[in-house]
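J.: Based on what follows, work out the 3D shape:
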Amino acid sequence: MLCIEDFRFGVINISGKRYSSDVKIIGNRVISPWWRSQGHKVFLEDVEDIVEDIDVLILGQGDPGMMKSDPSLKIYLKNKGIKLIEIPTKEAIIEFNSHVKKQIKVGAGFHLTC
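T.: Numbering: from 1, shown residues only. Okay, here's the model as predicted:
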């Protein structure tokens with residue numbers, strides 16, 4: 001599984017590779033750049049490729065946390081039994097690494113700036 005080693009505003013290091021654009025993670029795959037249809041709002045179509053067969057979706061909202069999930073995404077995830085954690089990116093990385101260590105099926109999207 002992937003491990004996030006470091007994050008600072010605009011840059012994230014995942015399993016030895018540096019990314020300077022927003023990323024999505026599912027299993028051992030990093031998808032970058034990650035563009036959302038409406039910038040700071042996350043809709044199902046922005047994450048539908050990573051929400052199949054997961055128990056938890058972690059959204060790193062940036063620093064200080066401008067990115068938010070749309071209410072329709074929250075409803076979809078709840079109906080699918082997928083827990084949503086959306087918190088500032090620095091904290092979301094800690095959550096992500098913790099879930100990976102516990103072998104919980106997790107998908108994630110990280111906004112690296114605001």
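
J.: Going along the chain, name the strands of this structure.
T.: Remark: strands assigned in the chain by DSSP state E are 4-8, 11-14, 17-19, 23-26, 29-31, 41-42, 56-60, 68-69, 83-87, 106-110.

J.: Could you check the angle the longest helix along the chain makes with strand 83-87?
T.: Using DSSP state H to define each element, the chain has its longest helix at helix 89-101. Angle, helix 89-101 to strand 83-87, by axes from the mean of the first three to the mean of the last three C-alpha atoms, to 10 degrees: 150 degrees.

J.: buried residues in helix 89-101?
T.: If you call a residue buried by 16 or more other C-beta atoms under 10 Å, then helix 89-101 has these buried ones: 89, 92, 93, 95, 96, 97, 99, 100. From N, CA and C alone the C-beta is placed, and that goes for glycine too.

J.: Was I right to think the fourth one contacts residue 87?
T.: It stands for residue 95. Yes. Applying C-beta atoms under 8 Å, one finds residue 95 in contact with residue 87, separated by 7.0 Å.

J.: what residue ranges in this protein score low on pLDDT?
T.: Along the chain, the model assigns pLDDT under 70 to no residue.

J.: Mind putting the strands of the chain into a markdown table with mean neighbour count and distance to residue 48?
T.: Listed next are the strands of the chain as a markdown table, based on neighbours: other C-beta atoms under 10 Å; distance: least, C-beta to C-beta, whole Å:
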| stretch | mean neighbour count | distance to residue 48 |
| --- | --- | --- |
| strand 4-8 | 15 | 22 |
| strand 11-14 | 18 | 21 |
| strand 17-19 | 13 | 21 |
| strand 23-26 | 21 | 11 |
| strand 29-31 | 14 | 12 |
| strand 41-42 | 20 | 11 |
| strand 56-60 | 24 | 11 |
| strand 68-69 | 18 | 13 |
| strand 83-87 | 16 | 14 |
| strand 106-110 | 25 | 10 |
